[in-house]
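Novice: pasting the sequence and the predicted model now:
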Amino acid sequence: MSLLATSLRKVVIPATRRVTSTVQYRAISALPDISSSRSRRALFYVPGSDERKIHKSISVGADCIVYDLEDSVSLNKKGTARHMVIDALEASEHGKAEKAVRINAIGTGLELDDLNVILHSKRLQAIVIPKVQSAKDINFVSRMIDSVAVESQRERIRLIASVESALGIMNIREIATADPRLDALIFAAEDYCADLGLIRTRRRNEMLFARQTIVNAAGAYGLQSLDLDEDVLREECKEGREFGFTGKQAIHPSQIDIIQEMFLPDPKDLEHAVRILEGFEHHSEKGVGAFNLDGKMFVLIMHMIDMPVVKWANKIVSRAQAGGMTMPQVENDASACDIFHNSAHLVLARNCVMLLVDLLFFYVSQLIIIIIIIIFHGLPPLSIE
């Protein structure tokens, strides 16, 4: 199996999630990965009409800064906000944070003016499309990029679709496959509950179907899945990560560090994932049929294997890299990673032992049955001719 070497970036991350090391990780190219190498753990929304907040956003450490032209901007300030946002984009420096704009929903009559202004920016990196109902909404924005955007930017602008209604959930497959520019799906919990008239509960069971639908579609079509649910932030970040979401939206700077910390892989999971991939690579190169990692046996057959554990490990490491984590030092500990050179003989011997045990159990059980019959019924009479 071919292996692709990938260099790691060293970026300062929260101390509770920092793993110190300087090793290189070799990603397995045959395994699927999230479509975008850009991390979007926290999307921080900045009202497009608030000059003070726009200025403060420069120092915010979110993965993605979203200048908002939709809900946070009153109707009479839409025009002013558009020009303030494009000025902010052009004045921004090229840095780690992605620069995005949330336009008004398709069909409001405001989205065309939004796009005709912001698409002239040379610094715009992504567009958040709210209230997406069908693939047509995605396709409309993509066509506008082709016809209006600066030519050098057309291939760089990514799309993020916010699904906020029952109809959007029902059309999630066509939305997820609408356009190659689409990078991520957002689930907007408050809007979804309002659309259906759902009563919010602490356990959030009323949103289980919709959230899992978003995560499943994103996973199936190689997209990121982002959560928007503002209550009980840390608990919901943990729950969202366990569900399979890769990030969450933020409306206040105090939320950013929590979100970005919670959507990094746990250091223990990361270390375990690296050990799995290092072991897989090491044994694959030697053509070894099996190896033992932490007492668990992984069997490799002709390099064409069903390897969900290896896929899981690859995804954990990919997310850690995108979030700026460095890989832990993995020692080649023979006791933790024993090589079995004669794996075929090992499997054969194991099968023979299991067969002998089965035969022994069969004959012993038959003998016990015969003894019980003799005890209760005695020996059968002998017939003498």
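Specialist: Ah, there it is. Residues are numbered from 1 along each chain as shown.

Novice: so where's the stretch 201-350 of the chain shaky on pLDDT?
Specialist: Within the stretch 201-350 of the chain, the stretches with pLDDT under 70 are 227-236, 248-259, 261, 283-307, 322-323, 330-348.

Novice: can you show me the helices along it?
Specialist: Using DSSP state H, counting those that start in this stretch, the helices found in the stretch 201-350 of the chain span residues 208-220, 233-243, 253-262, 267-286, 308-322, 343-377.

Novice: wait, which of those is closest to Ile58?
Specialist: helix 253-262 (11.8 Å; CB to CB). (C-beta placed from N, C-alpha, C; glycine too.)

Novice: now the helices of the stretch 201-350 of the chain in JSON lines, with distance to Ala149 and mean neighbour count?
Specialist: Putting the helices of the stretch 201-350 of the chain into JSON lines (distance: least, CB to CB, whole Å; neighbours: other CB atoms under 10 Å) gives the following:
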{"stretch": "helix 208-220", "distance to Ala149": "25", "mean neighbour count": "18"}
{"stretch": "helix 233-243", "distance to Ala149": "32", "mean neighbour count": "17"}
{"stretch": "helix 253-262", "distance to Ala149": "29", "mean neighbour count": "18"}
{"stretch": "helix 267-286", "distance to Ala149": "38", "mean neighbour count": "19"}
{"stretch": "helix 308-322", "distance to Ala149": "25", "mean neighbour count": "20"}
{"stretch": "helix 343-377", "distance to Ala149": "55", "mean neighbour count": "11"}
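
Novice: what's the closest of those to Leu167?
Specialist: Across those, Leu167 has its closest neighbour in helix 208-220 (11.7 Å, CB to CB).

Novice: what's next to that closest one, contact-wise?
Specialist: Residues from elsewhere that reach helix 208-220 (CB atoms under 8 Å, 6 or more residues apart in numbering): 163, 169, 172-173, 175-176, 184-185, 187, 189, 192, 223-225, 227, 240, 243-246.

Novice: in PyMOL, select just the buried ones from these.
Specialist: Typed into PyMOL, the next command selects the buried ones out of the contacts of helix 208-220 (criterion: 16 or more other CB atoms under 10 Å):
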select buried, resi 163+169+172+175+176+184+185+187+189+192+223+224+225+227+240+243+245+246
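
Novice: which of the contacts of helix 208-220 fall within strands?
Specialist: Members of the contacts of helix 208-220 lying in strands (criterion: DSSP state E): Val163, Ala184, Leu185, Phe187, Gln224, Ser225, Asp227.
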